[in-house]
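S.K.: structure for the following, please:
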Amino acid sequence: MTPERIRLAASLRELRARTGLSLAALATKTAFSKSSWERYLNGKSLPPRQAVRELCRLAGEPEGRCLALWEIAESEWSGRAKEAAAPAPAATPRPPATGASPTAAPAPAARLAGHRSVVTVAVLASVCAVTVGAVAVAAALLRPGADGTSRASAEASPHQDPTSSAPHCRGTACEGRNPMAMRCAASPVTLATRHTAAGAWLEVRYSKECGTSWARMWGTRVGDRLEVTAAGRVHDVEIRTAADADAFVYTPMTATAPGTTVRTCFLSAGDGRRECLTSVPR
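M.R.: Got it, this is the predicted structure:
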């Protein structure tokens, strides 16, 4: 089970405890069966978005945070987050130029001895580098800052814990990246919502923690496009498959400081109509 689904299931169990309802009672008050709720609350399966909304309603909890957790878990479950975060393929080495005389390969014994020597030197160099680096980093982290606090707590990197819900990037480091994969969609602010003439919905989102904005759409059709523009930078996304049309689809993020104008445009595949709105994060 992924960390995202673990966090979502824990939040749902907390909400269910707040309602004071048994699983059977929960089934009578929602559109989902007792066995379904047992799977959702234990993280055995990903609940539908509507199930999360209904549980929030029964617990008297604003649905924003839990839906954000659900979106992150759904993105991981569907594989979209992994696709967005996948590294670029390594470059293929060029073949030697025509006519160049390749260096003869060493005999097996000589090649093995050479390999061992290289590995030994590399290991010793790595050990020395790690030791020196660790001493330098420890000294820097233990040196108190201007307020007397340790820099270790003030500058802790979110990459130290891969299961952390803390953002994985900030500001310009997030430019063009997926808000789900970078953990910027855990508690965003909705700057604007629009129900388009084509029937699709779109929202403009802003993460204060990441210092970024992006847009998302749902209820769409194949061929619909969404683009977001800020400070001259444009990012867009297109609905390419029926699976995309059945889910939330996000544009990449763009770095936006408070006061930056964000322009979001929806382009309908049906009639080619373009609907735009402007919003400003505060």
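S.K.: how about low-confidence regions in the stretch 151-282 of the chain?
M.R.: By pLDDT under 70, the weakly predicted segments of the stretch 151-282 of the chain are 151-165.
S.K.: for L26, see how far away the closest residue in space to Y40 that isn't next to it in sequence is.
M.R.: Nearest residue to Y40, sequence neighbours excluded (Cβ to Cβ, 6 or more residues apart in numbering): P47, at 3.9 Å. Using the backbone N, CA and C atoms, a C-beta is placed for each residue, glycine as well. Going from P47 to L26 by Cβ to Cβ, to the nearest Å gives 12 Å.
S.K.: what sits in contact with each of the two?
M.R.: Shared contacts of P47 and L26, defined by Cβ atoms under 8 Å, 6 or more residues apart in numbering, comprise F32.
S.K.: so what's the residue nearest to Y40 up against?
M.R.: Contacts of P47 by Cβ under 8 Å, 6+ apart are L8, L12, F32, S36, Y40, W70.
S.K.: give me the number of residues near the fourth one?
M.R.: I take that to be S36. By the other Cβ atoms under 10 Å criterion, the neighbourhood of S36 contains 18 residues.
S.K.: cool, D271 as well?
M.R.: D271 has 8 neighbours, counted by other Cβ under 10 Å.
S.K.: now do the SS call for it.
M.R.: Put simply, D271 is coil when judged by DSSP: H, G, I helix; E, B strand; the rest coil.
S.K.: that one reaches A198, doesn't it?
M.R.: Yes: counting by Cβ atoms under 8 Å, D271 does reach A198; the two are 7.2 Å apart.
S.K.: narrow the contacts of P47 to those that are buried.
M.R.: Neighbour counting with 16 or more other Cβ atoms under 10 Å marks L8, L12, F32, S36, Y40, W70 as buried within these.
S.K.: those in helices, which ones?
M.R.: Here DSSP state H is the test, and the buried ones among the contacts of P47 give L8, L12, S36, Y40, W70 as lying in helices.
S.K.: relative to M217, how far out is G60?
M.R.: Distance, G60 to M217, by Cβ to Cβ: 29 Å.
S.K.: next one: G20
M.R.: According to Cβ to Cβ, G20 and M217 sit 37 Å apart.
S.K.: who has more neighbours, the two?
M.R.: M217 (24 against 9).
S.K.: the more buried one sits in which helix or strand?
M.R.: strand 212-218 (DSSP states H and E).
S.K.: after that strand, next one along is what?
M.R.: Remark: after strand 212-218, the chain's next helix or strand is strand 225-230, criterion DSSP H and E.
S.K.: tell me what that next one is packed against?
M.R.: Judged by 3 or more Cβ pairs under 8 Å, 6 or more residues apart in numbering; DSSP states H and E, the packing partners of strand 225-230 are strand 212-218, strand 233-238, strand 254-255, strand 262-267.
S.K.: distance-wise, check L55 relative to T241.
M.R.: Distance, L55 to T241, by Cβ to Cβ: 30 Å.
S.K.: count the neighbours of the nearest residue to T278 once chain neighbours are set aside for me.
M.R.: Leaving aside its sequence neighbours, T278 sits nearest to R263 (Cβ to Cβ, 6+ apart; 5.3 Å). The local packing of R263 (other Cβ under 10 Å) involves 15 other residues.
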